[in-house]
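Enquirer: Quick check, what structure comes out for this input:
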Amino acid sequence: MYKVKVFVTLRESVLDPQGTVVKSSLHSLNYHEVSDVRIGKYMELTIEKSARPIDESVKEMCERLLANVVIEDYRYEIEEAVAQ
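Expert: Sure thing, here's the model as predicted:
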């Protein structure tokens, strides 16, 4: 069994209005040292072992559903989990 952590973020070239609002709110709370905020998504998947390589499966999941590859980048970490 595998535990997969998927991180999805907007590409640097894409404006992030939600991040801009959060940055503004932080400044209004006197956290002026914050110079930029980018909002993203974090997902944890638990995947059972199969004949198919795990890396291939996760990449396909990200590109077909979990990330909009036109405007988002993704990365993932795979850990082998102990079955409980």
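Enquirer: Give me the below-cutoff pLDDT ranges for the protein.
Expert: The chain contains residues with pLDDT under 70 at 83-84.
Enquirer: quick one, strands of it?
Expert: 2-10, 40-47, 72-80 (DSSP state E).
Enquirer: Run the chain-centre distance for the second one.
Expert: So that's strand 40-47. Chain-centre distance of strand 40-47: 7 Å, with CA atoms, centre = their mean, to the nearest Å.
Enquirer: Next, the buried residues of it.
Expert: Judged by neighbour count (16 or more other CB atoms under 10 Å), strand 40-47 contains no buried residues. All C-beta spots, glycine's among them, are computed from the backbone N, C-alpha and C.
Enquirer: tilt between that strand and strand 2-10?
Expert: 160 degrees (axes from the mean of the first three to the mean of the last three CA atoms, to 10 degrees).
Enquirer: Show me what strand 40-47 is packed against.
Expert: Counting contacts by 3 or more CB pairs under 8 Å, 6 or more residues apart in numbering; DSSP states H and E, strand 40-47 packs against strand 2-10, helix 54-61.
Enquirer: can you pull the contacts of I71?
Expert: L10, R11, V14 (CB atoms under 8 Å, 6 or more residues apart in numbering).
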